[in-house]
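Colleague: Mind looking at a prediction? Sequence and model below.
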Amino acid sequence: MGNAPPPSDPAQEPINLMRGWPNPSLLPASLIQTAATTALSDPTIAQPGLLYGPDEGYEPCRSAIAAWLTTFYRPSPGPIPATRICMTGGASQNLGCMLSTFSDPAYTRNVWIVAPAYMLAFRVFEQDAGFAGRLRAVPEDEEGIDIAYLRAEMGKSERQAVGEQGVVEEEGPRYKPSRPWAKVYKHVVYCVPTFANPSSRTMSLRRRRELVRLAREYDALVVADDVYDFLQWPAKKPGGHSAPSGGEEEAVKTAHLPRLVDVDREIDGGTGRPGADGFGNACSNGSFSKIGGPGLRCGWVEGSERFAYGVSQTWRITVIHGGFEGLSSVVGRRCKRPSCTTGEVNLTMDSQPRCVATYLLCPQEILQGFPSTNLYDGSGTTCSGGAPSQLTSTYMTILLTSGGLDKHIQNVLRPAYARRYNKLINAITTHLLPLGFQLPQPDRDIVGGYFVWLKLPGRMTATALASACKREGVVIAPGTIFEVPGDRETAGFDGHMRLCFAWEDEGKLEEGVVRVAGVAREMQGATGDSDGSLQVPDGVDMAGFK
C-alpha cells in the first residue's frame with residue numbers, strides 16, 4: 001500500500017513523493033536492539049518495563065526526556081522538570097487523549113486548525129472527539145498563523161455561543177464533570193509550528209507570542225505538534241557551500257525558536273501568573289516517530305504540571321450505589337446517600353435514593369467514602385492498561401541517557417535529510433520554478449522536516465496534476481487533501497501540492513521532479529497558455545499517502 005502505480009513507460013520505476021514516512025535505511029534498528037538487550041537483561045529495568053506503568057509513565061524516561069528537551073530548547077524559565085512530562089503512545093494517540101480530557105463537544109465552541117493541515121488529524125477531531133461540523137480553518141501567511149483572522153473569528157464564535165444560550169454566563173461543560181485535575185477549554189487550536197506538515201512553514205516568534213496571548217484571552221488550548229523540530233539544518237543559499245560549516249552545524253544542535261509551550265511558560269508571568277488556573281494554554285505534543293521510527297509508538301506531551309497530570313488521568317470509571325433501574329438523567333445534583341461525600345460530580349438518579357456517578361478521579365479517591373460501593377463498569381486507557389509504551393520507554397531511556405539517540409540525529413538523520421532536501425530543492429529550482437511554481441518562505445536560514453510545499457502556476461489544479469502524474473508513475477500529494485473539512489472556502493488548496501523527500505530513495509528524487517515538470521509542461525501546452533488550468537473529474541487516490 002502506498003506505492004506509485006506502474007508508469008505508462010515500463011522502463012520507468014515508480015516514484016512516491018507523497019508518503020510521509022522515513023526511508024528504511026534511516027531507521028536505527030541496531031541502536032534499538034542494543035537498548036532492548038540492555039533493558040531486558042537488567043531485572044531492575046525489565047520488571048517495571050513489563051508490568052503496568054504509573055499513570056504519568058516510566059519516570060526514568062520522563063526525566064531523560066526533560067533533560068534532553070532542556071538541552072535542545074534551552075527554555076528561558078530554566079530546566080524542564082519531569083513533572084511537566086507525561087508519556088504517551090505517540091502524537092496521534094495523545095491528541096485523542098487530550099481532547100477526551102480537556103474538551104467537551106457541547107461546551108468547546110470550535111476546533112481551529114491552521115491550514116493547510118495534517119489531514120489524518122481531522123478524523124480524531126470529528127469522529128473521536130465529536131467536533132464534526134465545527135472544525136474551522138485558519139489561514140497562514142509568511143509568518144505562520146493569521147492571528148488577526150483567528151481573533152476576529154473567535155470573537156464571532158463567542159458571541160454566537162452566548163447568543164445561543166441566551167445568558168452572559170453560560171453553563172459549564174455538559175458531558176464532562178468537574179474534576180480537580182482537569183478543565184475544559186472553550187476553544188482548541190491545532191498547529192504544527194515548526195517545519196509544518198504540509199506547508200513546511202515555520203511560525204515566527206512574534207506570532208507564537210501573539211497566539212499564546214490570544215489563547216489566554218479566549219480560554220483556548222493550543223495543541224502544537226512539535227514532531228519535526230530536531231530535524232533541522234542550514235538552508236543552502238545559491239552559490240553557497242554544499243555542506244554546512246562548523247558554525248552552522250553547531251547552530252542546529254539547539255532549537256532556533258522556542259516552542260509555544262515555552263512561550264506560555266515564559267511570558268507575562270507564565271502559567272502560574274496571578275488569576276491563572278495553572279493548566280496553561282499551550283502544550284507540546286512530542287513523538288519519537290520521526291527520529292526513531294513510527295513503529296515505536298512512543299511519545300510524550302509537555303505542559304504545565306497540572307496539565308501533564310490531567311493527561312495521565314484520561315480514563316473513566318462508573319460507580320453504583322445499590323443498583324439501579326428506571327434511570328432518568330438529573331445532571332448536576334448530588335447523591336443523597338450519606339456515604340456519597342465526594343465533591344463536584346454529575347449524577348444520574350432514579351426515583352430511589354440510588355445513583356450512578358461518573359468520576360474522573362484516581363481509584364483511591366473514588367473508593368474513599370464508598371465502603372459499600374460496587375464497581376459497575378470501568379473503561380478507559382491509562383487506568384485500565386497502565387501508562388502507554390511502558391516497555392518502549394525503557395529502551396528510549398537508554399538511548400537518551402547514553403547519547404545514542406542524539407548521535408543518530410546529528411550524524412545520520414540531519415545529514416541525510418539535508419542531502420535529500422537539497423536534492424529536491426535543486427530539482428525544483430531547475431525544473432519547476434521556471435514553469436511558475438513557487439516556494440513558501442524562500443529566505444529562511446534554517447529549514448527542516450519532511451516536506452516541501454509548492455504553489456502551482458496560474459489556474460493549474462493539483463487534482464489534475466496528481467492524476468496526470470500517476471500515469472507517469474509518480475505520486476504527489478494534492479493540496480485538496482489538506483483542506484479542513486467543512487471550511488474549504490476559508491482555505492482551499494487545489495492550487496498547491498506537497499512533495500516528501502523523506503521516504504523515496506535519494507537517487508529518485510530528482511527524477512520524480514523531472515516527471516512532475518514534464519506533466520506540468522504538457523498541461524500548460526494543452527491549454528494554449530501558461531496557466532495550466534486543465535482539470536479532471538476523478539478524485540484523489542489516497543493509497544499513495546499511507
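Modeller: Looks like it arrived, so ask away.
Colleague: neighbours around Glu142, how many?
Modeller: If you count neighbours by other C-beta atoms under 10 Å, Glu142 ends up with 11. Glycine gets a C-beta too; all of them are placed from N, C-alpha and C.
Colleague: mind checking how far it is from Leu400?
Modeller: Distance, Glu142 to Leu400, by C-beta to C-beta, to the nearest Å: 35 Å.
Colleague: Ala196 versus Glu210, what's the distance?
Modeller: Between Glu210 and Ala196 the computed distance is 17 Å (C-beta to C-beta).
Colleague: of the two, who's got more company?
Modeller: Each of Glu210 and Ala196 has its neighbours counted (other C-beta under 10 Å); Ala196 has more, 25 against 20.
Colleague: Hmm, Gly449 and that one touching each other?
Modeller: Yes. Assessed by C-beta atoms under 8 Å, Ala196 is found in contact with Gly449 at 7.4 Å.
Colleague: what's the pLDDT at Arg521?
Modeller: pLDDT for Arg521: 97.
Colleague: can you confirm it is in a strand?
Modeller: No. Counting by DSSP: H, G, I helix; E, B strand; the rest coil, Arg521 falls outside a strand, being helix.
Colleague: Could you find the closest non-adjacent residue to it?
Modeller: In space, and not counting its chain neighbours, Arg521 is closest to Leu435: 6.4 Å by C-beta to C-beta, 6 or more residues apart in numbering.
Colleague: Please list all residues in contact with that neighbour.
Modeller: By C-beta atoms under 8 Å, 6 or more residues apart in numbering, Leu435 lies in contact with 457, 517, 520-521, 524, 530.
Colleague: Ranking by neighbours, what's the top pick from the residues you listed?
Modeller: Neighbour max across the contacts of Leu435 (other C-beta under 10 Å) = Ala520, 24 neighbours.
Colleague: List the contacts of that one.
Modeller: Ala520 is in contact with 432, 435, 437, 456-457, 460, 465, 532, counting by C-beta under 8 Å, 6+ apart.
Colleague: same check, this time on Tyr450
Modeller: So Tyr450 contacts 20, 195, 197, 228, 231, 290, 417, 500-502 (C-beta under 8 Å, 6+ apart).
Colleague: Look at the nearest residue to it once chain neighbours are set aside and give its secondary structure.
Modeller: Spatially, and ignoring its direct neighbours in sequence, Tyr450 is nearest to Ala502 (4.2 Å; C-beta to C-beta, 6+ apart). Using three-state DSSP, the structure places Ala502 in coil.
Colleague: what number of residues lie near Ala502?
Modeller: Neighbours of Ala502 under the rule other C-beta under 10 Å: 21.
Colleague: what do you get for the one 4 residues further on?
Modeller: The local packing count at Glu506 equals 14, with neighbours defined by other C-beta under 10 Å.
Colleague: so what pLDDT did the residue nearest to it when sequence neighbours are not counted get?
Modeller: When the adjacent residues along the chain are set aside, Glu506 lies closest to Arg420, with 5.7 Å between them (C-beta to C-beta, 6+ apart). We have a pLDDT of 98 for Arg420.
Colleague: which residues does Arg420 contact?
Modeller: By C-beta under 8 Å, 6+ apart, the contact list for Arg420 reads 501-502, 506, 509.
Colleague: Can you mark which positions in the helix or strand containing it are buried?
Modeller: Assigned by DSSP states H and E, Arg420 falls within helix 414-431. For helix 414-431, the neighbour count (16 or more other C-beta atoms under 10 Å) marks 414, 416-425, 427-428, 431 as buried.
Colleague: May I have it exported as CSV, CA atoms only?
Modeller: Only the C-alpha atoms of helix 414-431 are listed here, as CSV (Å, rounded to 0.1, in the frame of the first residue of the first chain):
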residue,chain,number,x,y,z
ARG,A,414,20.3,15.6,9.8
PRO,A,415,23.0,15.0,7.1
ALA,A,416,20.7,12.5,5.3
TYR,A,417,17.6,14.7,5.3
ALA,A,418,19.7,17.8,4.4
ARG,A,419,21.1,16.0,1.4
ARG,A,420,17.6,14.8,0.4
TYR,A,421,16.1,18.3,0.9
ASN,A,422,18.8,19.9,-1.2
LYS,A,423,18.4,17.4,-4.0
LEU,A,424,14.7,18.0,-4.1
ILE,A,425,15.1,21.8,-3.9
ASN,A,426,17.8,21.9,-6.6
ALA,A,427,15.5,19.8,-8.8
ILE,A,428,12.5,22.1,-8.1
THR,A,429,14.7,25.2,-8.8
THR,A,430,15.8,23.7,-12.1
HIS,A,431,12.7,22.2,-13.4
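Colleague: how far out from the middle of the chain is that helix?
Modeller: For helix 414-431, the separation from the chain centroid amounts to 25 Å (computed by C-alpha atoms, centre = their mean, to the nearest Å).
Colleague: Check stretch 82-100 too.
Modeller: 10 Å.
Colleague: quick one: buried residues of that stretch?
Modeller: If you call a residue buried by 16+ other C-beta under 10 Å, then stretch 82-100 has these buried ones: 82, 84-100.
Colleague: Looking at those, which are in helices?
Modeller: Among the buried residues of stretch 82-100, DSSP state H puts 91-100 in helices.
Colleague: now, among those, which is nearest to Gly155?
Modeller: Leu99 (23.2 Å; C-beta to C-beta).
Colleague: Can you tell me how far the closest one is from Gly130?
Modeller: From Leu99 across to Gly130, the span is 9 Å (C-beta to C-beta).
Colleague: what stretches of the stretch 101-250 of the chain score poorly on pLDDT?
Modeller: For the stretch 101-250 of the chain, the stretches with pLDDT under 70 are 164-171, 237-248.
Colleague: That one: strands as residue ranges?
Modeller: With DSSP state E, counting those that start in this stretch as the criterion, the stretch 101-250 of the chain has strands at 110-115, 135-141, 144-145, 187-191, 220-225, 232-234.
Colleague: next one: the stretch 251-400 of the chain
Modeller: Using DSSP E, counting those that start in this stretch, strands in the stretch 251-400 of the chain cover 282-287, 299-302, 315-320, 328-329, 346-349, 355-359, 374-380.
Colleague: next one: the stretch 401-546 of the chain
Modeller: 446-448, 451-455, 474-475, 477-478, 496-500.
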